[in-house]
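Novice: Quick one, fold the following:
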Amino acid sequence: MPVLIVGGGPVGLSASLLLSRHGVRSLLVERHPGTSVHPKARGLNVRTLELFRLWGLEEAVRASSLVLQRAVDVVWAPTLVADETRRAPYGGARERLEDGSPCASAGCAQDRLEPVLLEAARSYGIGEFGFGQEMTALRQEDEGVTATVVDRAGGEETMVRAGYLVAADGARSAVRSMLGIRMDLPSTSPHRMGIYFRADLHEIGASRPALLYFVSPPEGAGVIAAVNLADRWLYMAPFRPQQGERAEDFDTVRCVQLVRSAVGIEDLSVEVIAALPWALAAAVADRFRKGRVFLAGDAAHLGWQGLNVGIQDAHNLAWKLAACLAGWAGPDLLDTYGAERRPFALAMKDDHDRNLAAGGTGERQEQFSNRGRVLGLSYESSAVIPDGSPLPQVANPVVDYVPSARPGSRAPHMWLWRDGNRLSTLDLYDTCFTLLTGPAGSAWQDAAERAKDELGLPVTCHTIGGADGRLVDKIGDWPQLYGVAADGAVLVRPDGHVAWRTPTASSDPAAKLTTALRHILSRS
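Specialist: From the prediction side, this is the model:
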């Protein structure tokens, strides 16, 4: 098996889906019998929606999130039914589609998202799935990994041999522990008990919709999160293990009492569906790779928007694994996964810590909006060739976004037309390298073909400008937005980040492109 994936949450499922899109076989094992029954995370940021758009899932995800389409605010009130003391917009929920992306963020509960990802991953007929299967032992060798997988229902053991392993097994990652990789959690982190409950609160959802309701009942401040703005809700109640509280102390009776107090209705009919403890902790593993094993998602980092960061981890890693397995990249390319994703995880941890220090007051603008952090992400690694240009200067790098095609950056969105149909530049960046050039860059078409033949890798070239089947730039944004002349070129990686650009053509475009690709792919 080329790749073993441990963990069947959104990150593991995304890894399986992505590897299948690259034609790579994988086996996913998940200790639980099926997808999540708890809503857990619910906010999908704009970059995650861009990926779903590319994978053909945006419509399905938005259909699953229709129940929350009116939940675009955050509310503060003593209890859910009490008068609001404040209301503010939640991040990207009201952002215009034209503002740097073809997509907007969405609210989709994890228990609804995971089945969408699982169905899509299975549809390729390449990946295999073992729910109710737990990995209990791991051994690494020069040529691969050997894992012991146990069927939790019958107890049968299976030895699985794989070229690589992706550990997406959550905050308490068994794989991370087996590898001896440290991820130190702050001892003073606040904790919450996530009480998933059913109660008829249609009237609140209809008259005062919001994604989050910060409440302050006598038991302590908490947050009520809308799951469907009707009869399913999630209350993140205070949980104080530092004071001796245990998860088992939150029995059904206590959970019902806590929900009633937070809602503000003493005799509210409440059905507790599930209760799950979690910590408001931010932490980053010391390393994201050890040998042939890679940490992704909560196994690698905890903190703000962890689901989104994890899915984007998988997007960064999958094409690199596919490239090495197919032989068109050198093994050192895999080192760029940690070199690129760990600094971003550290930046998100810093944002998380600042948000936590600010409390739930909403005074910190960055607490509910991080468009600049997400879309303005720029990598520095050997898989990027710098061109000496600086990053755009912004007043607030967490909130403010200025598009840039500087190498390392997410290639900017702009609308193009082909055969009368509109598409985004982001729709072009998928499972191969993409070379973009202007109307005077015909030499780059030949260069791409020669690089494809010489290096044996997938690369396609698109000409922007003019007619005759080319991509039409009706507005004329291409040269300025991507920072090249009519005969220049921009090389975009399969994950949509700019790898290299040259403002004008050279005397030997094929040699120049091939040299750049060799460097990016760690091929000496």
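
Novice: can you tell me which residues contact residue 463?
Specialist: Residue 463 sits next to 437, 438, 439, 441, 442, 445, 470, 471 when contact means C-beta atoms under 8 Å, 6 or more residues apart in numbering. For every residue, glycine as well, the C-beta is placed using N, CA and C.

Novice: quick one: which of those is nearest residue 195?
Specialist: Distance ranking of those against residue 195, using C-beta to C-beta, places residue 471 first at 50.8 Å.

Novice: how near is residue 89 to residue 212?
Specialist: Distance, residue 89 to residue 212, using C-beta to C-beta, to the nearest Å: 12 Å.

Novice: any common contacting residues for those two?
Specialist: With contacts taken as C-beta under 8 Å, 6+ apart, the residues that reach both residue 89 and residue 212 are residue 74.

Novice: Which one's more surrounded, those two?
Specialist: residue 212 (23 against 14; other C-beta atoms under 10 Å).

Novice: The more buried one contacts residue 75, correct?
Specialist: Yes. Under the criterion of C-beta atoms under 8 Å, residue 212 makes contact with residue 75 at 7.1 Å.

Novice: List the beta-bridge partners for the nearest residue to residue 34 once chain neighbours are set aside.
Specialist: The shortest distance from residue 34 to any residue other than its chain neighbours is 5.6 Å, reached at residue 131 (C-beta to C-beta, 6 or more residues apart in numbering). Judged by DSSP bridges, the bridge partners of residue 131 are residue 30.

Novice: Do I have it right that residue 131 meets residue 30?
Specialist: Yes. Proximity of residue 131 to residue 30 meets the contact threshold set by C-beta under 8 Å, at 5.0 Å.

Novice: The two: who's more crowded?
Specialist: When residue 131 and residue 30 are compared for neighbours, residue 30 comes out ahead with 24 against 15, by other C-beta under 10 Å.

Novice: Could you measure from that one over to residue 399?
Specialist: Between residue 30 and residue 399 the distance is 36 Å, computed by C-beta to C-beta.

Novice: Over to residue 392?
Specialist: Following C-beta to C-beta, the distance that separates residue 392 from residue 399 is 14 Å.

Novice: what touches both of residue 131 and residue 30?
Specialist: By the contact definition C-beta under 8 Å, 6+ apart, residue 131 and residue 30 are jointly contacted by residue 8.

Novice: Who are the packing partners of the longest helix that the chain contains?
Specialist: Among the elements of the chain assigned as helix by DSSP state H, the one spanning the most residues is helix 335-358. Applying 3 or more C-beta pairs under 8 Å, 6 or more residues apart in numbering; DSSP states H and E, we find helix 335-358 packed against strand 283-284, strand 289-290, strand 301-302, helix 306-326, helix 371-375.

Novice: Mind checking those for the one nearest to residue 509?
Specialist: Proximity of the helices and strands packed on helix 335-358 to residue 509 was assessed by C-beta to C-beta; the nearest stretch is helix 306-326, lying at 22.5 Å.

Novice: CA-only coordinates of that closest one in CSV, if you can.
Specialist: Extracted as CSV, the C-alpha positions of helix 306-326 are listed here (Å, rounded to 0.1, in the frame of the first residue of the first chain):
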residue,chain,number,x,y,z
GLY,A,306,-7.8,23.6,13.4
LEU,A,307,-10.2,21.8,11.0
ASN,A,308,-9.3,24.3,8.3
VAL,A,309,-5.6,24.2,8.9
GLY,A,310,-5.7,20.4,8.9
ILE,A,311,-7.5,20.1,5.6
GLN,A,312,-4.9,22.6,4.2
ASP,A,313,-2.1,20.4,5.6
ALA,A,314,-3.4,17.5,3.6
HIS,A,315,-3.6,19.7,0.5
ASN,A,316,0.1,20.6,0.9
LEU,A,317,1.3,17.1,1.6
ALA,A,318,-0.7,15.0,-0.8
TRP,A,319,0.9,16.3,-4.1
LYS,A,320,4.4,15.9,-2.6
LEU,A,321,3.7,12.3,-1.6
ALA,A,322,2.3,11.6,-5.1
ALA,A,323,5.3,13.3,-6.7
CYS,A,324,7.8,11.1,-4.8
LEU,A,325,5.8,7.9,-5.3
ALA,A,326,5.6,8.6,-9.1
